[in-house]
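**Q** got a sequence here, can you build the structure:
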Amino acid sequence: MVFGSQGLSLANKVGDCFGKISYSLYLLHMPVIAFVHQFDWAVEIKLLTSFLLSVAVAFVFFVCIEKPLARYIRGARYASRTNLTTVPG
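**A** A predicted model of the protein is given here:
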């Protein structure tokens, strides 16, 4: 193995986290970049700040909005299926 057993495990956790927040990251990275671009900083600092802030905002968005909304929608779908299968009587 290239990473060893512990390194591979860490790589999978990081990859899994980026996989989970990828849609939120896709949605939010441009507003974050536009916000950071307003500051008169060196390009390297803007790049690093944009990356870190984008990942942080995407993680918060995923945990606070995307995940609860998905759970709610799955519950609503399940409830609508059970209502359709019951026979009024």
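**Q** quick check, distance from the top helix by length along the chain to the centre of its chain.
**A** In the chain, taking DSSP state H as the definition, the longest helix is helix 4-37. Chain-centre distance of helix 4-37: 7 Å, with CA atoms, centre = their mean, to the nearest Å.
**Q** any idea how far whatever helix or strand comes next after that helix is from the middle of the chain?
**A** Later in the chain than helix 4-37, the nearest helix or strand by DSSP states H and E is helix 43-61. Distance, stretch centre to chain centre, for helix 43-61: 13 Å (CA atoms, centre = their mean).
**Q** for helix 43-61, which helices and strands make contact with it?
**A** helix 4-37 (3 or more CB pairs under 8 Å, 6 or more residues apart in numbering; DSSP states H and E). From N, CA and C alone the C-beta is placed, and that goes for glycine too.
**Q** which positions within the helix it packs on qualify as buried?
**A** Of the residues in helix 4-37, 20, 21, 24, 25, 28, 29, 32, 33, 36 count as buried by neighbour count, 16 or more other CB atoms under 10 Å.
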